[in-house]
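Undergrad: okay, structure incoming, though there's no sequence with it:
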Ligand code: AMP
Ligand code: MG
């Protein structure tokens with residue numbers, strides 16, 4: 001298939017291009033589009049065959065449900081059996097934005113879109129290109145992240161092109177995603193609201209609106225014997241091609257440990273990379289040292305993480321070490337993605353003092 005690639009700026013939306021993108025979706029085709037979190041791979045959420053095409057284009061297991069994207073609040077009741085009070089409060093505070101809510105689904109949402117579940121995930125993005133596109137597409141766009149299954153989510157169109165060129169009708173290049181991590185997912189179908197995937201909207205932010213919120217233990221803790229409630233969270237994900245190890249501990253210990261391993265890897269002829277911070281980047285002797293930014297600026301770290309994982313692939317890095325981050329606030333989302341990218345490979349060096 002020939003993939004049309006077009007640039008659309010948020011501040012200067014090309015109406016004709018958006019209309020064409022909408023027509024592709026209405027006709028059952030696929031369009032990758034920018035959002036504030038990461039790029040999405042969109043199809044008509046109400047058309048089962050479009051959802052099948054999304055799974056095929058991504059190479060995604062079909063039990064892993066898609067998030068339905070809407071552009072206005074009035075679109076929600078059609079998708080769901082009821083809108084709980086908490087959902088109204090959260091929507092008022094965080095929509096449009098990087099929050100996905102799980103509801104009991106209406107009969108209009110095909111089982112193919114929800115991976116066979118009786119629930120549906122819904123989000124209203126804030127990116128203006130995304131909003132205009134969803135409206136033109138009929139108001140209901142199912143979209144997982146626009147990467148091939150298992151790869152880091154794309155925050156730039158060039159990575160969407162790398163993964164999906166020839167597999168979708170159109171790719172809209174809207175520049176760099178401003179948040180860079182996928183949405184927070186909160187389940188509102190059980191008695192207590194529960195976070196199924198941490199994101200930019202933190203547990204503390206949710207709690208400030210609806211009171212106590214729980215977090216699905218299975219998403220951070222590999223030792224937990226329960227399957228995560230968001231089916232996608234059980235799959236290895238976000239993985240760079242090189243093996244990734246997270247190193248936890250005091251800063252000096254982490255640096256010493258990583259530098260020792262780097263020497264061994266280099267002696268073995270392996271190309272090495274380190275995910276460091278501005279404070280530490282100069283301390284490592286790797287082929288490629290990348291800073292995710294200042295340790296305190298979590299939003300910056302979140303924004304650059306997936307891009308850095310992709311850059312290591314571009315440079316054919318074979319072994320990667322990453323510093324670890326506090327799991328508070330947005331840190332929970334950063335560590336969740338890093339842990340998955342590393343296949344939960346974490347080491348804590350012994351103190352040699
Ligand atoms: P992605 O679209 O790549 O951001 O992945 C979507 C995530 O949302 C996956 O982890 C899915 O398992 C999760 N998800 C989508 N729909 C549901 C649902 N109805 N219940 C629980 N998790 C869901
Ligand atoms: Mg994804």
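TA: The structure has been received and is ready for your questions. Remember, predicted model here, so these are calculated numbers, not experimental data. Ligands and ions are numbered 1, 2, ... in the order given.
Undergrad: residues of this structure that sit close to ligand 1?
TA: For the chain, the residues in contact with ligand 1 (CB under 6 Å from any ligand atom) are 64-65, 67, 102, 114, 117, 119-121, 144-145, 182, 185, 196-197, 229-233. C-beta here means a position set from N, CA and C on the backbone, and glycine is covered the same way.
Undergrad: buried ones in stretch 90-107?
TA: In terms of neighbour count (16 or more other CB atoms under 10 Å), stretch 90-107 has its buried residues at 90-91, 94-103, 105.
Undergrad: which of these sits closest to residue 36?
TA: Of all the buried residues of stretch 90-107, residue 98 has the smallest distance to residue 36: 6.2 Å, by CB to CB.
Undergrad: all helices for the stretch 1-150 of the chain, in order.
TA: 15-26, 48-58, 76-79, 85-94, 128-136 (DSSP state H, counting those that start in this stretch).
Undergrad: check contacts around the residue in the chain positioned nearest to ligand 1.
TA: Closest approach between the chain and ligand 1, counting by CB to the nearest ligand atom: residue 232, at 2.3 Å. Listed by CB atoms under 8 Å, 6 or more residues apart in numbering, the contact set of residue 232 reads 64-65, 144, 197.
Undergrad: check for me that it belongs to a strand.
TA: No: assessed with DSSP: H, G, I helix; E, B strand; the rest coil, residue 232 is helix; it does not lie in a strand.
Undergrad: what stretches of the stretch 251-353 of the chain score poorly on pLDDT?
TA: 351-353 (pLDDT under 70).
Undergrad: out of the contacts of residue 232, list just those in strands.
TA: Counting by DSSP state E, the part of those found in strands is residue 197.
Undergrad: can you redo the contacts of residue 232 as a markdown table with neighbour count and pLDDT?
TA: Formatted as a markdown table, the entries for the contacts of residue 232 read as follows, by neighbours: other CB atoms under 10 Å; pLDDT from 0 to 100:
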| residue | neighbour count | pLDDT |
| --- | --- | --- |
| 64 | 17 | 89 |
| 65 | 26 | 95 |
| 144 | 24 | 96 |
| 197 | 25 | 95 |
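Undergrad: could I get the contacts of residue 232 as TSV with distance to residue 12?
TA: Listed next are the contacts of residue 232 as TSV, based on distance: CB to CB, whole Å:
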residue	distance to residue 12
64	36
65	35
144	28
197	33
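Undergrad: which one among the contacts of residue 232 gets closest to residue 160?
TA: residue 144 (12.2 Å).
Undergrad: which residues does the closest one contact?
TA: When contacts are counted by CB under 8 Å, 6+ apart, residue 144 touches 40-41, 54, 58, 60, 64, 66-67, 232.
Undergrad: most neighbours, which of the residues you listed?
TA: Of all the contacts of residue 144, the most densely surrounded is residue 40 (33 neighbours; neighbours counted as other CB atoms under 10 Å).
Undergrad: wait, what's in contact with the nearest residue to that one once chain neighbours are set aside?
TA: Residue nearest to residue 40 in three dimensions, not counting chain neighbours: residue 143, with 3.3 Å by CB to CB, 6 or more residues apart in numbering. Residues counted as contacts of residue 143 (CB under 8 Å, 6+ apart) are 33, 35, 40-43, 54, 66-67, 69.
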